[in-house]
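> Just to be clear, the model below is a prediction. Sequence and coordinates:
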Amino acid sequence: MATVLITGASAGIGRATAVRLAARGHYVIATGRNAAALEQIKRTAKGKVDTLILDVTSPGSVDAALRDVGGLTGQNGLDVLINNAGYALAGPLETTSDADLKAQFETNVFGPMRMIRAFLPGMRERRRGRIINISSVVGRLALPFFGPYNATKHAIEAFSDALRNELRLFGVEVVLIEPGAINTGFGELERKSLEVHAADGAPYAEQIKKVMAFQKDLHPNAAKPEVAAKAIVHAVEAKRPRARYVVPFLPNRAFIALAEFLPTEASDAVIQSITGLRRVRP
Ligand SMILES: NC(=O)c1ccc[n+]([C@@H]2O[C@H](COP(=O)([O-])OP(=O)(O)OC[C@H]3O[C@@H](n4cnc5c(N)ncnc54)[C@H](OP(=O)(O)O)[C@@H]3O)[C@@H](O)[C@H]2O)c1
């Protein structure tokens, strides 16, 4: 059984994964910013769960978590680190501020990298460990008006692909999970970030309203977080995990294939049609 730390365990996919891992007998260190939500997981999950307050954007918080994990594990460290914490900043790239973009990268990219730099030395010295990064289908393709978030997931994909081959010789594996839409609180935060660009008179208001109509039904009708949790737990337990898992496999693998194999002009036309942004010829 593995000792697993997961970030962003207070809600959604992280929470479902923590609960499932504990039920399967793993020792789970569930971390996040919301103490009450973490405490509730500890109380209700079946299995061994400890909790730590951890904000991945704070170097001090990550250092403290490293020290606390040493204490909790008798200095044995982690078998598996799951970088799950994240949120989606959507909106037009032209009107997205530096501050908002930096905050998005701070949580979704620098946060996981900070966690990896903290916990990797122990794994490398023990010649054993697994890092699971929660990316997205939009780490493999990019949608109009979701550019800020999509760029962070492209960054995580590139970092993970480089790391996987840097760490192979040290026995540390790197796995990407690429969820499509999942029904969590994530969709609501994403919608709020779009909404601010839909005000009357805003330069992209009309287009943003179309994209909001596309986004509105995406998450409520999507797979439950347990579906993503099942794939993540598989990635924890598999003897030889694959480099990446798309979840749910369909239709998301087909979207990635469209982006990878169609000429860009053709995949652009598909994306414009799906998002309601097809150009009307004058
Ligand atoms: N839902 C989807 O459709 C979808 C699709 C593809 C990929 N993903 C990815 O899956 C992961 C989990 O998302 P979710 O759907 O489960 O969203 P969620 O329900 O909103 O949960 C996000 C979690 O991340 C935590 N978090 C955010 N910022 C943090 C920070 N600075 N430090 C620590 N924790 C932080 C949140 O904590 P608080 O409660 O404190 O805010 C929460 O526990 C994310 O990386 C997301 O990009 C989601």
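Perfect, I can see it now.
> Checking Val69 next. Helix, strand or coil?
Classification of Val69 using DSSP: H, G, I helix; E, B strand; the rest coil returns helix.
> wait, it sits on Thr31?
No: judged on Cβ atoms under 8 Å, Val69 makes no contact with Thr31 at a distance of 9.2 Å. Where you see a C-beta, it was placed from the backbone N, CA and C, and this is true even at glycine.
> who's more crowded, the two?
Using other Cβ atoms under 10 Å as the criterion, Val69 and Thr31 rank with Thr31 on top: 30 against 24.
> Now do the same contact list for the more buried one.
5-9, 38, 51-54, 65 (Cβ atoms under 8 Å, 6 or more residues apart in numbering).
> can you check Ala65 too?
Neighbour list for Ala65: 5, 31, 52, 54, 118 [criterion: Cβ under 8 Å, 6+ apart].
> which residues of the stretch 1-150 of the chain fall in helices?
12-23, 35-44, 59-72, 98-105, 111-126, 147-167 (DSSP state H, counting those that start in this stretch).
> What residues of the longest one count as buried?
Applying a neighbour-count criterion of 16 or more other Cβ atoms under 10 Å, one finds 147-157, 159-160, 163-164, 167 buried in helix 147-167.
> Repeat that for the first one.
Within helix 12-23, the residues that qualify as buried are 12-22, counting by 16+ other Cβ under 10 Å.
> Farthest-apart pair in those, please.
Gly12 and Ala22 (16.4 Å; Cβ to Cβ).
> Residues touching stretch 242-254, excluding its own?
Contacting residues not belonging to stretch 242-254 are listed as 135, 137, 161, 164, 174-180, 223, 227-228, 230-231, 234-235, 256 [Cβ under 8 Å, 6+ apart].
> can you tell me which of those are in strands?
174-179 (DSSP state E).
> For the closest residue to Leu93 other than its chain neighbours, give me its contacts.
Among residues not flanking Leu93 along the chain, Gly147 sits closest, at 4.6 Å (Cβ to Cβ, 6 or more residues apart in numbering). By Cβ under 8 Å, 6+ apart, the residues touching Gly147 are 91-93, 96.
> cool, and Ala202?
For Ala202, the contact set (Cβ under 8 Å, 6+ apart) comprises 95, 208.
> Could you look up the SS state of it?
Here Ala202 is coil, with the state taken from three-state DSSP.
> Against Glu166, how distant is it?
Relative to Glu166, Ala202 is positioned 43 Å away (Cβ to Cβ, to the nearest Å).
> Show the pLDDT at Arg279.
Looking at Arg279, its pLDDT reads 63.
> and if you look at Ser273?
At Ser273 the predicted local distance difference test score is 89.
> ok, the residue nearest to Leu163 when sequence neighbours are not counted - contacts?
In this structure, Leu163 finds its nearest non-sequential neighbour in Val174, 4.8 Å apart by Cβ to Cβ, 6+ apart. If you count contacts by Cβ under 8 Å, 6+ apart, Val174 has them with 130-131, 133, 160, 163-164, 167, 243.
> before we move on, the earlier item: anything in contact with each of Val69 and Thr31?
With Cβ under 8 Å, 6+ apart, Val69 and Thr31 have common neighbours 5, 52.
> Cys172: what's it in contact with?
Slight slip there: residue 172 is Val, not Cys. Residues counted as contacts of Val172 (Cβ under 8 Å, 6+ apart) are 120, 123-124, 127-131.
> Buried ones among those residues?
In the contacts of Val172, burial by neighbour count holds for 120, 123-124, 129-131, counting by 16+ other Cβ under 10 Å.
> among the residues you listed, which two are most distant?
Counting by Cβ to Cβ, the most remote pair of the buried ones among the contacts of Val172 is Arg124 and Arg130, 12.4 Å apart.
> Flag every residue of the protein that's near the ligand.
Residues of the chain lying close to the ligand by Cβ under 6 Å from any ligand atom are 7-8, 10-14, 32-34, 54-57, 84-87, 107, 111, 134, 136, 179, 181-182, 184-186, 219, 225.
> And the buried ones among the residues you listed, selectable in PyMOL?
To isolate the buried ones among the residues of the chain next to the ligand in PyMOL, judged by 16+ other Cβ under 10 Å, type:
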select buried, resi 7+8+10+11+12+13+14+32+33+54+55+56+57+84+85+86+87+107+111+134+136+179+181+182+184+186+219+225
